[in-house]
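Student: below is the sequence, then the predicted model.
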Amino acid sequence: SIHNFSAVSNLISRLRMRILAASHALKRWCLQPRRGYAVAKPKEFKKVMVANRGEIAIRVFRALNELQMTSVAIYSEQDKHSMHRLKADEGYLVGKGLPPVAAYLTIDQIIDTALQHKVDAIHPGYGFLSERSDFARACSHAGITFIGPSADVMARMGDKVAARQAAIEAGVQVVPGTPGPITSAEEAIEFAKQYGTPIILKAAYGGGGRGMRRVDNIDELRLFQVGESFRRAFSEAQAAFGDGSLFVEKFVERPRHIEVQLLGDNHGNLVHLYERDCSVQRRHQKVVEIAPAPALPSGIREKILDDAVRLAKHVGYQNAGTVEFLVDEKGNYYFIEVNARLQVEHTVTEEITGVDLVQAQIRIAEGKTLNDLKLTQDNIIPHGSAIQCRVTTEDPARGFQPDSGRIEVFRSGEGMGIRLDSASAFAGSIISPFYDSLLVKVIASARNHPNACAKMIRALKEFRIRGVKTNIPFLLNVLQQPAFLNASVDTYFIDENPDLFQFQPSQNRAQKLLNFLGEVQVNGPTTPLATDLKPAYVNPPIPSTRHGSWAQEEEESSPPPVGLRQVLIKDGPEAFARANLLFIAPA
């Protein structure tokens, strides 16, 4: 039957792809360096796929274009009109018939598409498959270069318990916590008795603020709440990451969130590109990022940078990654996790160092050394300050409820020191409810932190977006808060400043004017006016005229001469026709 024929055809196609993948893997294995053999020449990429969507996909496409490489996009059925598909040199549908997010998680289809179209490497972007070690391993088995760390390092650093153990082995201070995942709320109670409260339950494979629950005091631990917190954190981690493993940490009060950007090549060389301050967070989600971290004592900065590099070297880290720390009020700092991928806020590091991190990722994946790229530690010098704000389609007046629909008007802030990274920020764009609400990343750069804040405030005020709600009013409140301007914020900043949620009425003047005119036209003025709305009747005097050089002077009161119109009205069409023929108006 037709159905059986189609099934057989699909099976043959998949077998062909598997054979092709095996041949690529065999070729790759043959080229691997072995003792007594010369090291293979680094591979030069000609075609690179981005297994992602939206803003980060376009960011990578631009880097590929500058490197004169062919870019390949994948897209879901819901993204067939998305900008990232149009920006790439080639684009292919994946996950047909699947939900919007699931389409970008189909490892087999993505690998098969890459093999079919002779892709040399895959960049995962951030989110989706970017921290999935099984995806990196599948790429390697198919003979396709994964632009990122090795699968083994990703697996180790992606597990927060294993990453914590690696930090301890490397001599990096960690927050007191359980040595491994816990299996019951009772284990959390025992930990809290030993180290005190508050504590935090965290997903072993979590991220983005999900799978985390705070418990504040010993009374909560003795009552029902800890069991409820445990169950909620477990179920959230299971739903979001496919693994409900939890561990417990001592909760650090009033910390700053500091992270270090790293780059490592495939030859053991590793450098840092200084740090970022990501302390402005809402529900553990970063809102504003700053580089370098303002008002961070130089002694603490140097120790954090050294520890980040030491940990990365200890685990054999390659490509781009970030090591995150918490710094308390006394200057003590603790390792919390490694993000084994490019991060959303990589832009501020690029602005202060002048290093294109995406291009560096690609070149390192090709086999080039940091020295080849002139990225030695002595050559990386930060200049000025940079701030990134994430403009999202969320309504801060309604608890940051996501908004969707068509953008009717879009005008962005621009000018010196302003960078915009976006994918759907234009008039007529459809904001989908299926994906992350990020609309555009706005990056402001200046000589120092106050000047960068001033540029960012000016740029955000220039934005005009109609059709969907955005968080710009909230961002402006954050940027104009004295504590932020003075660089004295911690992760409690948003929670302790409820005035950040006091918003000015919309300044859409054109819409307000139209509403006012419509109201007055239909219902009349709401207040008595000094003058009548209707214009006064005016009958201006008509001055006298002269009728040819032979005419005599006439009085002002004399009537005007008879013309063709008067002939038509008085004598009818025939007289009018005769008068036209003779060019004479009868007396």
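Tutor: Sure thing, it's come through.
Student: would you map the helices across the stretch 151-300 of the chain?
Tutor: Assigned by DSSP state H, counting those that start in this stretch, the helices in the stretch 151-300 of the chain fall at 151-158, 160-169, 185-195, 218-222, 224-241, 298-315.
Student: got a markdown table for those helices, with distance to Arg341 too?
Tutor: Any C-beta I mention is one placed from the backbone N, CA and C, and that applies to glycine too. Formatted as a markdown table, these follow (distance: least, Cβ to Cβ, whole Å):
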| stretch | distance to Arg341 |
| --- | --- |
| helix 151-158 | 8 |
| helix 160-169 | 14 |
| helix 185-195 | 30 |
| helix 218-222 | 35 |
| helix 224-241 | 15 |
| helix 298-315 | 14 |
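Student: now, of those helices, which is deepest in the fold?
Tutor: helix 151-158 (a mean of 21; mean count of other Cβ atoms under 10 Å).
Student: closest to Gln521 out of the helices of the stretch 151-300 of the chain?
Tutor: Across those, Gln521 has its closest neighbour in helix 224-241 (53.6 Å, Cβ to Cβ).
Student: ok, what's across the strand from the residue nearest the centre of the chain?
Tutor: With distances taken as Cα atoms, centre = their mean, the residue of the chain nearest its centroid is Leu438 (4.7 Å). Judged by DSSP bridges, the bridge partners of Leu438 are Thr392.
Student: ok, now how distant is it from Glu337?
Tutor: Leu438 sits 22 Å away from Glu337, going by Cβ to Cβ, to the nearest Å.
Student: do the same with Lys250
Tutor: As judged by Cβ to Cβ, Lys250 and Glu337 stand 15 Å apart.
Student: then Asp112?
Tutor: Per Cβ to Cβ, Asp112 is found 33 Å from Glu337.
Student: hmm, back to that, measure the residue nearest to the centre of the chain to Asp356 for me?
Tutor: Distance from Leu438 to Asp356, by Cβ to Cβ: 21 Å.
Student: next one: Ala192
Tutor: Ala192 sits at a distance of 46 Å from Asp356 (criterion: Cβ to Cβ).
Student: same check, this time on Tyr126
Tutor: 16 Å.
Student: domains for the chain, by residue range?
Tutor: Following automatic domain parsing, one gets these domains for the chain: 13-147, 176-250, 255-383, 385-480+498-516, 556-587.
Student: in a markdown table: these, plus distance to Ala162 and mean pLDDT.
Tutor: Shown next, in a markdown table, are those (distance: least, Cβ to Cβ, whole Å; pLDDT from 0 to 100):
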| stretch | distance to Ala162 | mean pLDDT |
| --- | --- | --- |
| domain 13-147 | 11 | 86 |
| domain 176-250 | 9 | 72 |
| domain 255-383 | 9 | 96 |
| domain 385-480+498-516 | 27 | 93 |
| domain 556-587 | 99 | 74 |
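Student: need the winner for burial among the ones you listed.
Tutor: Buried most deeply of the domains of the chain, by mean count of other Cβ under 10 Å, is domain 255-383, with a mean of 20.
Student: tell me how far that domain is from the chain's mean position?
Tutor: 19 Å (Cα atoms, centre = their mean, to the nearest Å).
Student: and the end-to-end length of it?
Tutor: The stretch domain 255-383 measures 26 Å between its terminal residues, going by Cα to Cα, to the nearest Å.
Student: name the strands paired with the longest strand seen in the chain and say parallel or antiparallel.
Tutor: Across the chain, the longest stretch assigned as strand under DSSP state E is strand 270-282. With DSSP bridges as the test, strand 270-282 is paired with strand 256-264 (antiparallel), strand 285-291 (antiparallel).
Student: hmm, back to that, to Ser82, which of the helices of the stretch 151-300 of the chain lies closest?
Tutor: Between the helices of the stretch 151-300 of the chain, helix 224-241 lies closest to Ser82; by Cβ to Cβ that is 23.9 Å.
Student: touching stretch 164-178 from outside, list them.
Tutor: For stretch 164-178, contacts defined as Cβ atoms under 8 Å, 6 or more residues apart in numbering pick out 156-157, 179, 187, 191, 195, 247-250, 252, 307, 310-311, 314-315, 326, 332-336.
Student: just the CA atoms of that stretch, as PDB, please.
Tutor: The C-alpha trace of stretch 164-178 is given here as PDB (Å, rounded to 0.1, in the frame of the first residue of the first chain):
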ATOM      1  CA  ARG A 164      30.800  21.500  42.600                       C
ATOM      2  CA  GLN A 165      33.100  18.500  43.200                       C
ATOM      3  CA  ALA A 166      35.400  19.600  40.400                       C
ATOM      4  CA  ALA A 167      35.700  23.100  42.000                       C
ATOM      5  CA  ILE A 168      36.600  21.500  45.400                       C
ATOM      6  CA  GLU A 169      39.300  19.400  43.600                       C
ATOM      7  CA  ALA A 170      40.600  22.600  42.000                       C
ATOM      8  CA  GLY A 171      40.800  24.400  45.300                       C
ATOM      9  CA  VAL A 172      38.000  26.800  44.500                       C
ATOM     10  CA  GLN A 173      35.800  27.900  47.500                       C
ATOM     11  CA  VAL A 174      32.200  26.600  47.200                       C
ATOM     12  CA  VAL A 175      29.000  27.300  49.100                       C
ATOM     13  CA  PRO A 176      28.500  24.700  51.800                       C
ATOM     14  CA  GLY A 177      26.100  22.100  50.400                       C
ATOM     15  CA  THR A 178      25.300  18.400  50.200                       C
END
